[in-house]
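In: Generate a structure from the sequence data that follows.
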Amino acid sequence: MEGALTARDKVGVQDFVLLDAYTSESAFLDNLRKRFSENLIYTYIGTLLVSVNPYQELGIYTLSQMELYQGVNFFELPPHVYAIADNAYRMMCSELNNHFILISGESGAGKTEASKKILQYFAVTCPMTESLQVARDRLLFSNPVLEAFGNAKTLRNDNSSRFGKYMDIQFDFKGIPVGGHIISYLIEKSRVVYQNQGERNFHIFYQLLEGGEEELLAYLGLERDPQLYKYLSQGRCAKESSVNDKNDWKTVSNAFSVIDFTEDDLENLFGIIASVLHLGNICFEENQQGCASVPDTHEIKWIAKLLGVDPWVLLEALTHRKIEAKTEEVICPLTLDLSAYARDAMAKAVYGRTFTWLVNKINSSLVNKDFTGKTVIGLLDIYGFEVFDKNGFEQFCINYCNEKLQQLLIERTLKAEQAEYEMEGIEWEPIQYFNNKIICDLVEERHKGIISILDEECVRPGPATDLSFLERLEEKVGKHAHFETRKLAGPKGRKKIGWMEFRLFHYAGEVTYCTRGFLEKNNDLLYRHLKEVLCSSKNRILKECFLVAELENRRRAPTVGTQFKNSLSSLLEILISKEPSYIRCIKPNERKEPSKFDDFLIRHQVKYLGLMEHLRVRRAGFAYRRKYEHFLQRYKSLCPDTWPHWHGPPEEGVERLIKYIGYKPEEYKLGRTKIFIRFPRTLFATEDAFEFSKHQLVARIQAMYKCCLERRAYMRKRQAAITLEAHWRGALARTEAKRRKWAVQTVRKFIKGFINRNRPLCPDNEEFIVFMRKNYILNLRHHVPKNVLDKSWLRPPGILGTMQEKVVTSEIFRGKKEGYAESLNQPFANSRIVMVTSLQYGIPVTKYDRKGFKTRQRQLILTQKAAYVVELAKIKQKIEYPTLRGGCHLTVRTRI
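Out: Residues are numbered from 1 along each chain as shown. I've put the predicted structure just below:
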């Protein structure tokens, strides 16, 4: 993390805790904007991750990124959802305790995508065996199924989760995912029967119509056009270009096969989905008695067939109500409005309980039958704080949930801070913060809270209306500081609150709720007559959802508000038992445009997500803390005593380092294992000094490296030169030895010839005699007689003394001795030109050797028969004319 501080002016800081103006919302937004403009969508607040939806692919979720974050210290790398997942996994494995990751934010902020990325990270990086591959695949493929049945297109998001989801991922002692469990919260059943303009029903309806096979649709009695169904056409956007229902149907069908749904399960499930669509198309008319009737029973028959009930009993249940007295039952006809209410209540009840069955079915496929001890990581993907122009019962429940989760977040953060201070031996300073327990009590307090008052109003005798509920609120909680109505508000506030509205002052700000529909939605009443019909259904799923025991139980079922409060309490118990991690998702703009940063919208979300409050709590003490080993390892180059190696305890090294840097006592504290720095500017100054020192160190390292490279090159060249010289000296020595050997042999032969010079010619004196003869002849040319009669010849050596006798003998016996010619040892005939014919032409020429082109002086002589190349008087080459090429020899001879 510290490495990114050098670019903080351009890309901001990676941790909001390091902001100097941490109480300024403008500084918070400016840092968020800087990072978003550089496509850095993740920022920390301590260990809390703030994620801004980029609305584009950034290439930061690759396999290499997963490997990069695997097993790395939390703050070593830039903020990322993988860092949160890896930190939770490593802490779970090392400490063998349970963890949870809470993901919250507005619709369209990227909560669902964040939970998917975490699941994919665990699937890729956790150790895996073939036998556990099925469990991993079922965990991954449970998402598409739950999204199809629990997500819908809204004005803010094309894939908005309309329910809260908590998923436990179970790991064995080796850290291998072996199973899971899912809990759903408050599915928006009202969406089944009504959608606002520009919104759609749940995805599964459109996927079935668009992607289902013709045979399946014919079996269900459905047409492909969603405009034909009332429950799908109210939002007037049944066809959406950004949603590919056909491809999504294939994904969901594949997921069904992986999760082990049987053909019978799917047949019953799709029958229920189709029956909901048929229910919406039932039309009521008023008869002569002013009661509701169904003129066309076509849809009734299809519903009866798909659900396995009697059509006439179903028709009666939709148009009549059974009232039980003590001893008798009375069936009363319903008005048009009450019949429409009964139809919609049946559709909501069927879909809501089918969704619960679906979650249980997925859980049964994820259950691990090995009962040995396991650790879990929980993923809580739940709606964030919602504030609309008109806020109803759903927003009231959602904001109550966020109020409780904010209370948990602040308490756990404070508890973690206090525990760390105590563990490090640093004095804990109490932190002032807004405790929203007072608001939680206003909503949930027994007999006095808003939910209890709402329940009382739902069950009290007499006509109960939404307005009477508002009056009861004014009576019971009107004096509460965080509650206000038009009647109780001052002159200025009165104008902003309607007659049917009340206002709550939440931790994140004020929200005005309209009470219209509160009682109806809280009651969620299904007439007993309809419940009897559903309990008699032959559809196996409905049999499990609507039990006959319900009919025997005369006690009133808990209201929706009470059910939600109880489930939220059980959820908090689960979360309190685990170690927390938090992800807060932010939507940058309403139009889902990449790179567009809407300050007003983001400021609103920062406020309602409680980020400033969390930052204030996190920064109340020290902005930065790090273990001594890590701090010393990074900044040891700033002090000569600690650079390059510190051999003492890390605590002493850090103490010496900060004294050399010049930290003031109020800027830091030394704990047992960590250094705590109070102000970000202190850390920034240290990091800037380190950056300057790093450049100097890099220059020195580069110089040393270049010196090393040059020395290495010099040594290589030196070794090459030594090798070359050694070989050259060896060659010279061998040549010299060879020359000396030849000289010795020559001298030896000369001496031996001299010794044997007077003996007859033999191998021992042959070379010496030849030398003497040559030497005599060479000397003789300088002592040639002046005339023929001059007898003063140079005296020959003794060995040549017989030469004159040989000449005389040769003259005496010339032509008189047989074999005379053969007796001549060295005839000269071949080396002399026999002038049989007269000389025709002669000229001196220069001959060039073939190798080296060395010049030699020659005489070219042409006769009638041949051409001669002569060295002085010795024939060196004879060329017969017939052998010449390129012309006729007769022509050559004629020209000569």
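
In: going forward, measure contacts and count neighbours with C-alpha atoms only.
Out: OK.

In: Surely residue 607 is within a helix?
Out: Yes: under DSSP: H, G, I helix; E, B strand; the rest coil, residue 607 falls within a helix.

In: Leaving out chain neighbours, which residue sits closest to it?
Out: Nearest non-adjacent residue to residue 607, counting by Cα to Cα, 6 or more residues apart in numbering: residue 508, 5.7 Å away.

In: and residue 450, what is it in contact with?
Out: 442, 443, 444, 473 (Cα atoms under 8 Å, 6 or more residues apart in numbering).

In: Quickly find the element holding residue 503.
Out: Secondary structure from DSSP states H and E places residue 503 in strand 501-506.

In: which element follows the host helix or strand of residue 715 toward the C-terminus?
Out: Residue 715 belongs to helix 680-755 when elements are defined using DSSP H and E. Of the helices and strands lying after helix 680-755 in sequence (DSSP H and E), the nearest is helix 766-780.

In: Give the other helices and strands that that next one contacts.
Out: Applying 3 or more Cα pairs under 8 Å, 6 or more residues apart in numbering; DSSP states H and E, one finds that helix 766-780 contacts helix 680-755.

In: Could you list every helix and strand in contact with the helix it packs on?
Out: Using 3+ Cα pairs under 8 Å, 6+ apart as the contact criterion, the secondary-structure elements in contact with helix 680-755 are helix 766-780.

In: Not counting its own residues, what contacts the helix it packs on?
Out: Residues lying outside helix 766-780 but in contact with it, judged by Cα under 8 Å, 6+ apart, are 749, 750, 753, 754, 757, 761, 794, 796, 797, 799, 800.

In: Got a PyMOL select line for the buried ones in those?
Out: A single PyMOL command is used to select the members of the contacts of helix 766-780 judged buried by 16 or more other Cα atoms under 10 Å:
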select buried, resi 749+750+753+754+757
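
In: Compute the number of surrounding residues for residue 216.
Out: By other Cα atoms under 10 Å, the residues close to residue 216 number 15.

In: Dihedrals phi and psi, it?
Out: Residue 216 has phi and psi values of phi -60, psi -50 when expressed as degrees, to the nearest 10.

In: Kindly state the pLDDT recorded for it?
Out: Residue-level confidence at residue 216 comes out at 93, pLDDT.

In: And it, how close does it get to residue 209?
Out: Using Cα to Cα, to the nearest Å, residue 216 is found at 10 Å from residue 209.

In: cool, residue 631 as well?
Out: Taking Cα to Cα as the measure, residue 631 falls 61 Å from residue 209.

In: same thing with residue 485?
Out: Separation of residue 485 from residue 209 (Cα to Cα) stands at 46 Å.

In: So for these two, which sits in the more crowded spot?
Out: Neighbour count, other Cα under 10 Å: between residue 485 and residue 209, residue 485 has more, with 25 against 21.

In: Report the beta-bridge partners for the more buried one.
Out: In this structure, residue 485 has beta-bridge partners residue 502, where bridges are defined by DSSP bridges.

In: Wait, it touches residue 501, no?
Out: Yes: Residue 485 sits in contact with residue 501 when judged by Cα atoms under 8 Å, with a separation of 6.5 Å.

In: mind showing which ranges of the stretch 401-550 of the chain have poor pLDDT?
Out: When the per-residue scores of the stretch 401-550 of the chain are filtered using pLDDT under 70, the ranges that remain are 431, 433.

In: Strands along that one, start to end?
Out: Counting by DSSP state E, counting those that start in this stretch, the stretch 401-550 of the chain forms strands over residues 483-485, 501-506, 509-514, given from the N-terminal end onward.

In: helices or strands up against the first one?
Out: The criterion is 3+ Cα pairs under 8 Å, 6+ apart, and the helices and strands that strand 483-485 contacts are strand 501-506.

In: make it 10 Å
Out: helix 466-477, helix 491-494, strand 501-506, strand 509-514 (3 or more Cα pairs under 10 Å, 6 or more residues apart in numbering; DSSP states H and E).

In: And these: which comes nearest residue 415?
Out: Checking the helices and strands packed on strand 483-485 against residue 415 by Cα to Cα gives strand 501-506 as the closest, at 22.5 Å.

In: what residues does the closest one touch?
Out: Contacts made with strand 501-506 from outside it, assessed by Cα atoms under 10 Å, 6 or more residues apart in numbering, are listed as 385, 390-392, 396, 399-400, 402-403, 436, 438-440, 442-443, 466-467, 470, 473-474, 480-489, 496-497, 510-516, 608.

In: so it versus strand 509-514, what angle?
Out: Direction vectors for strand 501-506 and strand 509-514, defined by axes from the mean of the first three to the mean of the last three Cα atoms, to 10 degrees, enclose an angle of 160 degrees.

In: for residue 316, helix, strand, or coil?
Out: helix.

In: So for stretch 496-514, what gets flagged as buried?
Out: By 16+ other Cα under 10 Å, the buried positions in stretch 496-514 come out as 497, 500-504, 506-508, 511-514.

In: just stretch 471-478 next, same as before
Out: 472, 473, 474, 477, 478.

In: Ok, stretch 477-486 next?
Out: Counting neighbours by 16+ other Cα under 10 Å, one finds that the buried residues in stretch 477-486 are 477, 478, 482, 483, 484, 485, 486.

In: Pipe the strands of the stretch 401-550 of the chain into TSV and attach distance to residue 769 per row.
Out: Listed next are the strands of the stretch 401-550 of the chain as TSV, based on distance: least, Cα to Cα, whole Å:
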stretch	distance to residue 769
strand 483-485	144
strand 501-506	135
strand 509-514	133
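
In: wait, which of the ones you listed is closest to residue 615?
Out: Nearest to residue 615, of all the strands of the stretch 401-550 of the chain, is strand 509-514, at 17.1 Å by Cα to Cα.

In: tell me the mean pLDDT for the helix or strand hosting residue 312?
Out: Counting by DSSP H and E, the secondary-structure element that holds residue 312 is helix 311-319. Along helix 311-319, the predicted confidence averages to a pLDDT of 91.

In: Check stretch 384-400 too.
Out: Model confidence over stretch 384-400, given as mean pLDDT, is 85.

In: buried stuff in it?
Out: Applying a neighbour-count criterion of 16+ other Cα under 10 Å, the buried positions in stretch 384-400 are 384-387, 391-400.
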